[in-house]
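A.B. asks: compute the structure for the input listed below.
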Amino acid sequence: MISEAMRVRINEQINRELYSAYLYLALSAHAQRINLKGTAAWFMAKHGEEMMHALKMYRYLLDQDAQVTLASVAAPPAAPDGVMAIFEGTLAHEREVTAAINELVDQALSEKDHATRVFLQWFVTEQIEEEATVIDVIGRLRLFGDQGQGLLMIDNELAAAAKSIGQTRPADGGA
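C.D. replies: Alright, predicted model coming up:
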């Protein structure tokens with residue numbers, strides 16, 4: 001069984017994951033509105049991934065006989081102008097999530113909560129991938145530009161990546 005402090009912190013992380021899903025849903029809608037269908041599909045796939053992360057934590061709490069306490073999810077801000085700004089904001093957001101996951105791991109270590117530390121290791125690895133993916137997109141935007149043919153190429157790559165995200169997600173939602 002996990003401590004009350006850890007239970008509270010994991011519930012807070014569930015809220016962060018739900019916020020991430022909500023943010024990516026909003027960015028998907030924005031990308032769709034500006035005719036970047038590949039980017040919209042990629043953000044929609046990320047929305048699904050974040051929902052899976054929240055459900056994975058939800059299931060962990062239930063498996064630990066701990067209470068799940070859902071809180072209000074804040075509305076995401078309006079999408080910034082420009083594709084580069086959208087992805088720079090996405091990277092900043094993912095880095096905040098990484099910091100929060102690392103703080104959970106630190107707490108698990110300080111409490112000698114080995115089960116939670118092992119559980120959280122998956123999220124540590126996942127955040128490395130999340131940040132690297134966005135860094136790659138930003139690098140491509142810098143290299144090829146965020147307008148015209150360069151943007152079209154990147155949008156097509158994001159459409160293909162969105163399909164692979166859906167294929168690599170566990171069928172049971174990762175729980």
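
A.B. asks: next structured bit after the helix or strand harbouring S20?
C.D. replies: When secondary structure is defined by DSSP states H and E, S20 falls within helix 4-33. The element immediately downstream of helix 4-33 (helix or strand, assigned by DSSP H and E) is helix 37-63.

A.B. asks: what about the closest residue to N15 other than its chain neighbours, neighbour count?
C.D. replies: Spatial nearest neighbour of N15, excluding adjacent residues (Cβ to Cβ, 6 or more residues apart in numbering): A71 at 4.9 Å. In this view, the C-beta of every residue, glycine as well, is placed from N, C-alpha and C. Residue crowding around A71 was assessed by other Cβ atoms under 10 Å; the count is 11.

A.B. asks: can you classify V73 by secondary structure?
C.D. replies: coil (DSSP: H, G, I helix; E, B strand; the rest coil).

A.B. asks: same check, this time on the one 4 residues further on
C.D. replies: At P77 the chain is in coil, as set by three-state DSSP.

A.B. asks: quick check: phi and psi at it.
C.D. replies: As for P77, its main-chain torsions (degrees, to the nearest 10) stand at phi -70, psi 170.

A.B. asks: so what's it scoring on pLDDT?
C.D. replies: According to the model's per-residue confidence, P77 sits at a pLDDT of 94.

A.B. asks: please report the distance of it from Y19.
C.D. replies: Summarising the geometry, the distance separating P77 from Y19, computed by Cβ to Cβ, to the nearest Å, is 11 Å.

A.B. asks: for S164, same thing?
C.D. replies: When Cβ to Cβ is applied, the distance between S164 and Y19 equals 25 Å.

A.B. asks: who's more crowded, those two?
C.D. replies: Regarding S164 and Y19, a neighbour count based on other Cβ under 10 Å identifies Y19 as having more, with 20 against 10.

A.B. asks: name the nearest residue to the more buried one, ignoring sequence neighbours.
C.D. replies: Distances taken as Cβ to Cβ, 6+ apart place V73 nearest to Y19, at 5.4 Å, with adjacent residues excluded.

A.B. asks: spit out the contact partners of the residue nearest the centre of the chain.
C.D. replies: When Cα atoms, centre = their mean is applied to the chain, the residue found nearest the centroid is E50 (4.6 Å). Taking Cβ atoms under 8 Å, 6 or more residues apart in numbering, we find E50 in contact with E17, L18, S20, A21, Y24.
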